[in-house]
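[1] Sequence and predicted structure below; questions after.
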Amino acid sequence: MARDIPLSRIRNIGIMAHIDAGKTTCSERILFYAGKTHKLGEVHEGAAVMDWMPQERERGITITSAATSLTWRDHRISLIDTPGHVDFTMEVERSLRVLDGAIALFCAVGGVQPQSEKVWHQSERYSVPKLAFVNKMDRVGADFFGVVEEIQEELGANAVPVVIPIGQEEAFRGIADLVRMRAVFYREDSQGLQFDIQDIPAEMAEEARTWRSNLVEKCAEQDDVLLEKFLEQGDLSEAEIMGILRRATIARRVVPVFCGTAFKNKGVQRLLDGIVDLLPAPYEIPPIICAREPEANRREPSDEAPFSALAFKIMADKHMGKLTYVRVYSGTLRAGQTVYNSSREKPQRVGRILRMHANRQESIDTAHCGDIVAIVGLSETKTGDTLCHEDHPIHLEAIEFPAPVISISIAPATQADNERLTTALHRLADEDPTFTVAFDTETDETIIAGMGELHLEIIVDRLKREFNVGAQVGRPEVAYRETATLPTKGAYRHVKQSGGRGQFAHVVMELEPLGPGEGFDFVNAITGGRIPSEFIPAVEKGIVRAMRAGPYAGYPVVDMRVRLVDGSYHEVDSSDFAFQEAGRAAFVELFRKGNPQLLEPVMSVEVATPEEFMGPVTSSLCQRRGRIEGMDEQGGQKLVRAMVPLGEMFGYSNTLRTLTQGRAVFGMHFEHYEAVPFALAEEVVARRRAANKIR
């Protein structure tokens with residue numbers, strides 16, 4: 001079946017921002033102006049189309065990335081609205097992996113906030129071209145040019161305004177389009193559907209000319225021919241500006257900046273024009289490269305190329321069952337077709353293909369290159385898997401997810417809930433790679449882990465509502481890590497004789513601590529065949545097994561290099577199992593001699609508070625072992641930035657609400673691991689050993 005819209009008129013974009021910057025409100029206006037919906041859904045009323053989960057509507061936040069499709073100026077735009085809360089950063093990560101462009105939304109008062117910075121760097125990791133939209137221009141303290149400056153200084157982006165505001169705060173009336181040098185005033189009685197295009201008001205004509213000159217100069221810098229024309233004539237044509245601005249945006253050399261207020265229905269149509277005019281079509285980004293053989297296997301983005309797609313999201317639908325969201329990078333996909341999962345080396349049959357609109361579906365027969373669709377029937381496919389044609393296999397770059405930082409124990413409320421709980425937890429873990437389920441054999445408890453208190457709270461709520469499973473949860477536990485601080489060297493000889501064939505393995509190893517975040521490195525430094533090569537992987541496997549539950553307190557070991565330098569074997573009694581045991585026991589023994597240290601996750605915390613509550617806020621952070629990193633003023637409020645251990649932040653939202661009469665807000669995200677103070681570490685270790693009955 002031929003495609004109905006050419007590839008050149010396809011745009012795959014997402015909206016990303018700090019929590020409460022107005023992403024979902026902006027998405028709702030985009031749907032409304034594109035004719036996809038006929039009524040504005042408001043977040044504060046729990047009626048937003050893109051926030052369809054009950055948990056989202058009750059809390060007024062986005063939890064899961066919602067996908068939809070709309071048409072604007074004969075272009076099909078696939079739009080993904082991503083969460084802003086740090087606990088759900090995984091949703092942003094996997095969305096950015098499959099998008100061709102993004103809208104970075106900034107609050108005109110808050111500017112570049114902590115999560116704004118985090119999602120910006122996530123998008124840079126995937127080389128995603130971006131537009132910036134400065135929202136909430138009607139708010140008290142709005143400062144468009146201040147936000148542009150912050151984007152330039154704090155994010156290192158070449159932010160170039162293509163519109164400027166006409167008025168601000170309550171007086172914000174519209175925008176001045178610097179490309180066309182015309183003013184756009186939105187009629188409030190039509191919910192922004194109607195607007196008037198007029199001359200730029202005389203009182204701001206000079207300011208508009210100044211910023212138009214800035215825009216033209218920034219464009220001319222991107223092209224030598226245009227630069228020469230600009231130097232000779234002092235200006236460029238509208239077509240020249242838009243042409244070079246598009247090329248520079250796609251190349252990520254420029255970030256065009258728009259502004260408006262989504263809630264008051266101003267500026268969103270110009271943003272939609274920017275999506276069509278400036279962000280790339282699927283064929284305008286570099287061709288997909290095979291992750292394992294980058295030079296040998298390139299895949300061009302076209303319908304004629306062999307089929308390839310990436311599964312980036314799994315969802316459980318109570319009517320459809322398992323839905324697998326995929327981005328088609330090349331070729332076409334038909335309902336009923338069998339595809340090859342190259343990540344798991346398994347064929348998979350495509351049941352139905354669905355074009356999604358939040359939680360509603362539209363069945364289609366064929367998905368083409370550039371499409372983002374959901375598939376029913378891919379039972380063996382997980383997040384990050386590559387789907388392709390079996391005769392033309394390819395491995396696309398998978399998605400990396402952060403490790404969970406907080407865990408709780410969970411148990412069924414009744415005996416009847418027991419089996420259903422296990423099934424439900426594993427279905428949720430399939431959906432969310434940052435949510436893990438494990439069974440602690442020492443305590444006979446099921447342990448679930450996630451990215452924060454809210455993340456796990458939502459999981460438990462979904463168990464009750466979606467799966468009808470009652471559950472009892474324990475107190476949150478921090479995901480501690482352990483490492484050694486001193487290099488050690490030693491040998492271990494594993495010898496067992498029990499009448500028949502015995503066990504023999506002898507290893508000599510060196511342990512060396514690495515820098516924070518460097519992970520695990522195993523080095524085989526044996527020369528001369530002292531241990532047969534087939535036994536070397538068994539030694540590493542034994543070491544990895546020992547690192548999963550460290551010798552110091554039973555937490556995973558990180559940032560270590562293990563060097564196998566010598567050893568010996570027996571021709572009859574040596575085996576994989578014997579060398580696994582030798583590697584495990586040698587690591588345990590040497591690690592204990594290496595002055596082991598407990599590490600804890602440390603969070604970057606930013607609190608926005610009225611000035612009169614500055615004292616109580618800073619005091620509360622210090623009492624939680626926080627280090628104050630800085631204090632600034634923004635939008636009439638004080639910003640306190642601090643580094644605080646995660647273990648001290650449980651329940652902080654209630655504390656802050658009490659201290660500031662509910663007028664302060666805070667955000668936090670994981671920064672790094674740091675050593676736990678000795679006295680506290682001893683308490684944690686003792687508590688852990690008592691809980692696990694470690695002797």
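    Cool, the structure landed.

[2] What distance do you get for residue 584 to residue 549?
    11 Å (C-beta to C-beta, to the nearest Å). For the C-beta atoms, the positions are set from N, CA and C on the backbone; glycine is no exception.

[3] Equivalent analysis for residue 213, please.
    64 Å.

[4] Which of the helices and strands in this structure ranks last by mean pLDDT?
    Scoring the helices and strands of the chain by mean pLDDT, DSSP states H and E places helix 54-59 at the bottom, with a mean of 59.

[5] neighbour-wise, which of residue 213 and residue 549 wins?
    residue 549 (17 against 14; other C-beta atoms under 10 Å).

[6] can you pull the pLDDT of that one?
    Here the pLDDT value assigned to residue 549 is 87.

[7] and what of the one 4 residues further on?
    The per-residue pLDDT reported for residue 553 equals 88.

[8] Could you do residue 519 as well?
    87.

[9] burial of it, as a residue count?
    10.

[10] roughly how far apart are it and residue 537?
    Applying C-beta to C-beta to residue 519 and residue 537 gives a distance of 18 Å.

[11] Is residue 437 in a helix, a strand, or coil?
    Secondary structure, DSSP: H, G, I helix; E, B strand; the rest coil: residue 437 is strand.

[12] Quickly list what it is bridged to.
    residue 448 (DSSP bridges).

[13] pLDDT wise, what is it at?
    Looking at residue 437, its pLDDT reads 90.

[14] Distance of it relative to residue 463?
    Distance, residue 437 to residue 463, by C-beta to C-beta: 12 Å.

[15] which neighbours do these two share?
    Common contacts of residue 437 and residue 463, defined by C-beta atoms under 8 Å, 6 or more residues apart in numbering, comprise residue 425.

[16] ok, these two, which is more surrounded?
    Ranked by neighbour count (other C-beta under 10 Å), residue 437 and residue 463 place residue 463 first, with 24 against 17.

[17] Wait, that one touches residue 421, no?
    Yes: here residue 463 reaches residue 421: they are 7.2 Å apart, a contact under C-beta atoms under 8 Å.

[18] shared neighbours, those two?
    469, 471.

[19] Tell me how many other residues crowd residue 387.
    Quick note: residue 387 (other C-beta under 10 Å) scores 26 neighbours.

[20] Would you mind pulling the contact partners of the host helix or strand of it?
    Taking DSSP states H and E as the definition, residue 387 sits inside strand 386-388. Applying C-beta under 8 Å, 6+ apart, the external contacts of strand 386-388 come out as 306-311, 326, 339-343, 348, 378, 381, 394-396, 398.

[21] Now with 6 Å, please.
    By C-beta atoms under 6 Å, 6 or more residues apart in numbering, the residues outside strand 386-388 that reach it are 307, 308, 309, 339, 340, 341, 342, 343, 394, 395, 396.

[22] For the stretch 501-650 of the chain, which segments count as strands?
    With strands called from DSSP state E, counting those that start in this stretch, the stretch 501-650 of the chain shows them at 503-513, 520-524, 560-568, 597-609, 627-634, 637-645.

[23] angle of the fifth one against strand 637-645?
    Read it as strand 627-634. Computed with axes from the mean of the first three to the mean of the last three C-alpha atoms, to 10 degrees, the direction of strand 627-634 lies at 160 degrees from that of strand 637-645.

[24] next SSE after the strand holding residue 387?
    In N-to-C order, the element after strand 386-388 by DSSP H and E is strand 406-412.

[25] gap between that following strand and the chain center?
    The chain centre lies 24 Å from the centre of strand 406-412; the measure is C-alpha atoms, centre = their mean, to the nearest Å.

[26] Name the residues that touch that strand?
    Contacts of strand 406-412 (C-beta under 6 Å, 6+ apart): 418, 421, 445-449, 452, 456, 471-474, 476-477.

[27] So which of the residues you listed are in strands?
    445, 446, 447, 448, 449, 471, 472, 473, 477 (DSSP state E).

[28] Near the first one, how many other residues are there?
    In other words, residue 445. Residues lying near residue 445 (other C-beta under 10 Å) number 15.

[29] Tell me where the model's unsure across the stretch 451-600 of the chain.
    Applying pLDDT under 70 to the stretch 451-600 of the chain flags residues 498-500.

[30] go again using 80 as the cut-off
    451-453, 475-477, 497-501, 527-529 (pLDDT under 80).

[31] what's the answer for the stretch 301-450 of the chain, then?
    316-320, 358-360, 400-407, 440-445.

[32] and the gap between residue 483 and residue 524?
    Distance of residue 483 to residue 524, computed by C-beta to C-beta: 22 Å.

[33] So which of the ones in strands among the contacts of strand 406-412 is surrounded by the most neighbours?
    Compared across the ones in strands among the contacts of strand 406-412, residue 448 has the highest neighbour count, 25 neighbours, by other C-beta under 10 Å.

[34] before we move on, could you check phi and psi at the spatially most central residue of the chain?
    Among the residues of the chain, the one closest to the centroid is residue 93, at 2.7 Å (C-alpha atoms, centre = their mean). Backbone torsions of residue 93, given as degrees, to the nearest 10, read phi -60, psi -50.
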